[in-house]
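Trainee: Need a 3D model of the sequence below.
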Amino acid sequence: MLAQPQQLPWIPQSIATLEKELAEKYGEGQHAAVTRGLKQIAEFWRAEDGNAQVFEEFVRQNYAGDATAHNTLFERFEMLLEQLDGHMHEIGRVFRQQADLDLGSMLPVDEVFAGYDPSAHLSDDLFENKIAFVVLLNFPLTTLEQRVTEGATWSRQQWAEARLTDRFSKRVPADVSLALSQAASEAGQYVSEYNIWMHHIVAKDGSRLFQPKLRLLSHWNLRDELKADYADQKNGLAKQRAIQTIMERIVTQTIPQAVVNNPTVDWNPVTNEVKLTAERDYPESFSAPASVTNNPEPNTRYAMLLKTFNACRLVDPYSPTAPTLIARRFDEDRELSEQRVKGMLEAIVSSPLAAKVGALIEKRLGRPLEAFDIWYNGFQQRGTHSEAELDAIVSKRYPTAEAYKADIPNLLMKLGFSKERADFLATHIAVDPARGSGHAMGAAMRSEKAHLRTRVEKSGMNYKGFNVAVHEMGHNVEQTFSLNMIDHTLLQGVPNTAFTEAIAFVFQGRDLQLLGLGTPDAHSEALNALNNYWMTYEIAGVALVDMEVWHWMYANPAASPAQLNEAVVRIAKNVWNKDYAPVFKKKDVFLLGIYSHMIDSFMYLPDYPIGYMIAFQIEEQIRKSGSVGAEVERMTTQGRIAPDLWMKNATGSPVGPEAMLKAAEKSLKEILN
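Mentor: Purely as a prediction, here's the structure:
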């Protein structure tokens, strides 16, 4: 691994010469800015960038020493970088299209295109042609502490300048960026095709619990099917136990390789027996092998995770202020310290409220809690509708992705957006059929559309697909507002991923309302508060596992996939035993290790519980004003400022779990009384 280059020996003398010269030219009032700019470029200047003469001449030509020149330079960068980023993003989206969308079989070359990042050399290029140095010379690099403590007093342009310099806070070589992109693409492809064909899950007597042609992606669809099975009074419990066993097999990698995305075999997950199926219900694109074994998947799941870890480590030497992926995720991406986030998560999972809500769930179920009840969804209205009923409603309304696209204005108006705003948003959102579970891909320039991807089966969109689509539509609305309705495109977006997840949760929580299947009342809102807490309780544990796994990998960089497998299972058990076993009365459960994000999303999972907390705070504000549309537009047009500043402007309070815990406690008392 390469070491961070050291400062060149002639740099101090050149800086001293230039400080004096530029202060005399532009006035003593510019002295601090000159000193800052020279220090910033010196940190990144390498021998290949030029000698002392080149360095000094560059500074003389490119320092914008008066307000007019400074503002002109800022405006130029804002305009040009939007085009640069936007077109690079567009190329990447098109290159990934075959991998991301359900457009037929993948060719080997499609995987190559999906793993190719056209912007991988961009940072290198901008340092080599010295555009990056122009930014660093003229605009301040800021620390997390400055953004947190001083940001409330900054102007909008000051925030935009801070985001401009953010992108040049490290100098990562192109080959490292490309390796990172390739590792992410390979892991993403592995995850997007990890389907289990549920009709081919059999019991000891050969009976089948799940309907024909049901293809569930791990972990998303498996989890959502488990949730839906609470409404199945006849077979729901048996289905849930089967899904839990499947999940456990995936986590431990004792799942037979032959059953992954293969409808030509039957599998008993309890005995792990695999045999060729007599059911000929699978697509023609699948052909049955002559024979089959129950050989386990060879720790592919953890080999993929190690590949992403090792790719992330390549960045470490070029990130001296955040020298691990863990530090970059919290200090740079989230702008919330790991210690603070961990404290928020532990406040959720260790709350006495968990045992109280667990006891209520047990009472409502009429049986002792089982481990999979971590995904209990009976507090939601959808618990009164069977999956089949919801599927029938959705597939009739949305037989194709195009049908959902056409209905977006109507859906948005139901959420309180004016017709003008709903039409505006709809024209900026494209809808595509996803190969995986679905995702949202925003645009990076105003002339492009955001893309909503959700799974659409041959029989039409099912309820799971609709639920995902509404979630992704929330992302797209945020992405559209925070790009097209903002004063500075350099501020496009929200403070971190948890914020866009929060907006998506606000939308997703109204999916049944959008189907015309219920409107909230005081009782349903109390139940919803408990549901939000229980979901956060579940995903907070998953996030703690994800964080601990990354710490373990950094402590054990030479680990094998098998060793990582053992570590993940052990860590998941430890988190469970500490904060979940007292509620569930079951020890050594490792279901918290099932999430596919752990494999392909680079310690993304903490964003979910933070997002739930933020979503709850946003919901409280929406209840006060009465309009999803107006509040979402007001909040998202703030752009990417500091998280707590965004939240205070949006809701009056910083990010935290306190409001959720207080409301859940109050709602629990109301329900029990």
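Trainee: Break down the protein into its strands, ranges please.
Mentor: Here the chain has its strands, by DSSP state E, at 195-197, 215-217, 265-268, 273-276, 429-433, 438-441, 450-454.
Trainee: per-stretch mean pLDDT over those strands, give me the minimum one.
Mentor: Looking at the strands of the chain, the lowest mean pLDDT belongs to strand 438-441 (a mean of 89).
Trainee: strands paired with that strand, and their directions?
Mentor: Applying DSSP bridges, strand 438-441 is found paired with strand 450-454 (antiparallel).
Trainee: Just want the angle from the strand it pairs with to strand 429-433.
Mentor: Here the directions of strand 450-454 and strand 429-433 differ by 30 degrees (axes from the mean of the first three to the mean of the last three C-alpha atoms, to 10 degrees).
Trainee: who touches strand 450-454?
Mentor: Outside strand 450-454, the residues within contact range by C-beta atoms under 8 Å, 6 or more residues apart in numbering are 93, 100-101, 401, 404, 428-434, 436-443, 461, 465-466, 468-469, 472-473, 475-476, 479-480. All C-beta spots, glycine's among them, are computed from the backbone N, C-alpha and C.
Trainee: which ones are touching the closest residue to residue 576 other than its chain neighbours?
Mentor: Nearest non-adjacent residue to residue 576, counting by C-beta to C-beta, 6 or more residues apart in numbering: residue 589, 4.6 Å away. If a contact means C-beta under 8 Å, 6+ apart, then residue 589 has 371, 572, 573, 576, 580, 581 as its contacts.
Trainee: Let's see that with 10 Å instead.
Mentor: Residues near residue 589 by C-beta atoms under 10 Å, 6 or more residues apart in numbering: 244, 248, 370-372, 374, 572-573, 575-577, 580-581.
Trainee: Report pLDDT for residue 21.
Mentor: Looking at residue 21, its pLDDT reads 94.
Trainee: I'd like the distance between the closest residue to it other than its chain neighbours and residue 139.
Mentor: Excluding the flanking residues, the one nearest residue 21 by C-beta to C-beta, 6+ apart is residue 60, at 7.7 Å. Look at residue 60 and residue 139: by C-beta to C-beta, to the nearest Å, they are 18 Å apart.
Trainee: Pick out whichever of the two has more residues nearby.
Mentor: The residue with more neighbours, out of residue 60 and residue 139, is residue 139; 25 against 12, by other C-beta atoms under 10 Å.
Trainee: unless I'm mixing things up, that one is touching residue 78, no?
Mentor: No: using C-beta atoms under 10 Å, residue 139 is not in contact with residue 78; the gap is 11.3 Å.
Trainee: Overlap of the contact sets of the two?
Mentor: What both residue 139 and residue 78 touch, as defined by C-beta under 10 Å, 6+ apart, is the set 160, 161, 163, 164.
Trainee: List the buried residues for stretch 190-202?
Mentor: 190, 191, 192, 194, 195, 196, 197, 198, 199, 200, 201, 202 (16 or more other C-beta atoms under 10 Å).
Trainee: same deal with stretch 337-345?
Mentor: Buried, per 16+ other C-beta under 10 Å, within stretch 337-345: 338, 341, 342, 344, 345.
Trainee: Would you format those as CSV with distance to residue 240 included?
Mentor: Formatted as CSV, these follow (distance: C-beta to C-beta, whole Å):
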residue, distance to residue 240
338, 34
341, 31
342, 31
344, 30
345, 26
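Trainee: What is the nearest of these to residue 640?
Mentor: residue 341 (18.2 Å; C-beta to C-beta).
Trainee: any idea how far the closest one is from residue 612?
Mentor: Residue 341 is 13 Å from residue 612, by C-beta to C-beta.
Trainee: can you pull the contacts of the closest residue in space to residue 463 that isn't next to it in sequence?
Mentor: By the measure of C-beta to C-beta, 6+ apart, the closest residue to residue 463 outside its immediate chain neighbours is residue 390, 3.7 Å from it. Residue 390 sits next to 228, 231, 382, 462, 463, 464, 466, 467, 511, 512, 515, 517 when contact means C-beta under 10 Å, 6+ apart.
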